[in-house]
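**Student:** here you go, sequence then predicted model.
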Amino acid sequence: MSDRVKGACLTMGGAACWGISGCMGQYLFTREGMDSTWLVPIRLLLAGLLLCGFYCARDRRLLFDPWNVKKNPRNALDLLIYGLAGVSCCQFLYFLTIQLSSAGIATILQDVSPVLILLAVCLQQRRSPRVFELLSILLALVGVFLLTTHGSFTSLVISPAALGTGLLSAVAVMIYTMWPKNLQKQYPTPMLQGWAFLMGGALFHLVFRPWEMDYLPGPVGVLGIAVVVIVGNVLAFSLYMSGVPLIGPQRASLYSFAEPVTAAIISTLVLGSPFTLWDALGFGCIFVMLVLLSLPAHPKPVNKF
């Protein structure tokens, strides 16, 4: 199997796992009475303990090597930024957006991240966006407009808070997709994910103090937590982040469209969330944007700023 096919399968598999996890989160919020500030700290901590525990038993020295500041101080800083500003913030903002809207809306807003990655790449390469890239940006803006307003220029169909947290989650996706390149050359991706989850779980436990909340999940709630931890954290991130180095962040963004598709299907057919023609048009705009951004660029002179 070629690296391109393998990378596509890994990123699509990870994205589909996110879609399933997001819908389970929507179920837990709407049917089991959970809150994102209770669920996210617990799911991150459990996932982090699972992955770090596995690597501790397998190779303790490797597990703690990124924190060896005498050997390479940059690794520790990169892991902190990747784990807290990227993975952990993305997890919290994504589930908060689900709680404020739905799994389908949250995932499609998060999928604006390729535009942010594109802009970051343009800044790194000190060039202006190409014509098809400008068209991609326009399609992303139109897609978000259709999804959040249903064509109205005077009102939103989702809350401003959901729009804000959804777009901020896209910023976090950009960070965790682009930042860990140096780390991924040195360490296994699932191990880095374990540290990211563990750090985020510890931080959010201190911030939100879920043990002080008057909530105790029932049997279905416990099963739901297991699904979001194993499928949405351990499997999804490990698969997706293992695929990114094989095909690159921009192409990975195209295959990650499996996430909103999965979330929209399950959210609509199983959870009863509304899905209108406006939503379909918005999804279509975002998908075309991802296709355009995945196209190989033909070499040409760089247009410097």
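**Tutor:** Structure received.

**Student:** may I have stretch 65-84 as CSV, with CA atoms only?
**Tutor:** Output of stretch 65-84 as CSV, limited to C-alpha atoms (Å, rounded to 0.1, in the frame of the first residue of the first chain):
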residue,chain,number,x,y,z
ASP,A,65,12.2,11.8,26.7
PRO,A,66,10.3,14.8,25.3
TRP,A,67,10.6,16.5,28.7
ASN,A,68,14.4,16.1,28.8
VAL,A,69,15.2,19.9,28.5
LYS,A,70,18.9,19.2,28.8
LYS,A,71,18.8,17.1,25.6
ASN,A,72,16.4,19.3,23.7
PRO,A,73,14.5,22.2,25.4
ARG,A,74,12.4,22.9,22.3
ASN,A,75,10.7,19.5,22.5
ALA,A,76,9.1,20.3,25.9
LEU,A,77,7.9,23.7,24.6
ASP,A,78,6.5,22.2,21.4
LEU,A,79,4.7,19.5,23.4
LEU,A,80,3.1,22.0,25.7
ILE,A,81,1.8,24.2,22.8
TYR,A,82,0.7,21.2,20.8
GLY,A,83,-1.0,19.5,23.8
LEU,A,84,-2.7,22.5,25.4
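
**Student:** quick check: buried residues in that stretch?
**Tutor:** For stretch 65-84, the neighbour count (16 or more other Cβ atoms under 10 Å) marks 66, 72, 75, 78-80, 82-84 as buried. C-betas here are computed from N, CA, C, even on glycine.

**Student:** point to the residue nearest the middle of the chain.
**Tutor:** Central residue of the chain (Cα atoms, centre = their mean): residue 173, 5.0 Å from the mean position.

**Student:** any idea which helix or strand carries it?
**Tutor:** Residue 173 is located in helix 160-178, with elements delineated by DSSP states H and E.

**Student:** give me the helices and strands touching that helix, please.
**Tutor:** Contacting helix 160-178 under the criterion 3 or more Cβ pairs under 8 Å, 6 or more residues apart in numbering; DSSP states H and E are the following elements: helix 89-100, helix 103-110, helix 113-125, helix 249-255.

**Student:** between the ones you listed, which one is closest to residue 199.
**Tutor:** Proximity to residue 199, assessed across the helices and strands packed on helix 160-178 by Cβ to Cβ, is greatest for helix 89-100 (11.1 Å).

**Student:** how about the helices in the stretch 1-150 of the chain?
**Tutor:** Taking DSSP state H, counting those that start in this stretch to define them, one finds helices in the stretch 1-150 of the chain at 3-31, 36-58, 60-64, 73-80, 89-100, 103-110, 113-125, 131-149.

**Student:** picking up where we left off before, so which bits of the helix holding residue 173 are buried?
**Tutor:** Using 16+ other Cβ under 10 Å as the test for burial, helix 160-178 gives 162-163, 165-178.

**Student:** can you check stretch 144-162 too?
**Tutor:** Within stretch 144-162, the residues scored as buried using 16+ other Cβ under 10 Å are 144-150, 157-158, 162.

**Student:** what's the answer for stretch 49-69, then?
**Tutor:** 49-52, 55, 63, 66.

**Student:** distance check, residue 40 against residue 80.
**Tutor:** With distances taken as Cβ to Cβ, to the nearest Å, residue 40 is found 19 Å from residue 80.

**Student:** picking that back up, among the helices and strands packed on helix 160-178, which is the most enclosed?
**Tutor:** The highest mean neighbour count among the helices and strands packed on helix 160-178, using mean count of other Cβ atoms under 10 Å, belongs to helix 103-110: a mean of 29.

**Student:** so it versus helix 131-149, what angle?
**Tutor:** Relative orientation of helix 103-110 with respect to helix 131-149: 150 degrees, computed using axes from the mean of the first three to the mean of the last three Cα atoms, to 10 degrees.

**Student:** what does helix 103-110 rub up against?
**Tutor:** By Cβ atoms under 8 Å, 6 or more residues apart in numbering, the list of residues contacting helix 103-110 from outside reads 18-19, 22-23, 25-26, 90, 94-95, 97-98, 143-144, 147-148, 158, 162-163, 166-167, 169-170, 173, 259-260, 263-264, 266-268, 271, 273, 275, 279, 282-283, 286.

**Student:** next up, the contacts around residue 38.
**Tutor:** 208, 210, 213, 215.

**Student:** what's the neighbour count on the third one?
**Tutor:** Pointing back at residue 213 there. 12 (other Cβ atoms under 10 Å).

**Student:** all set now, cheers.
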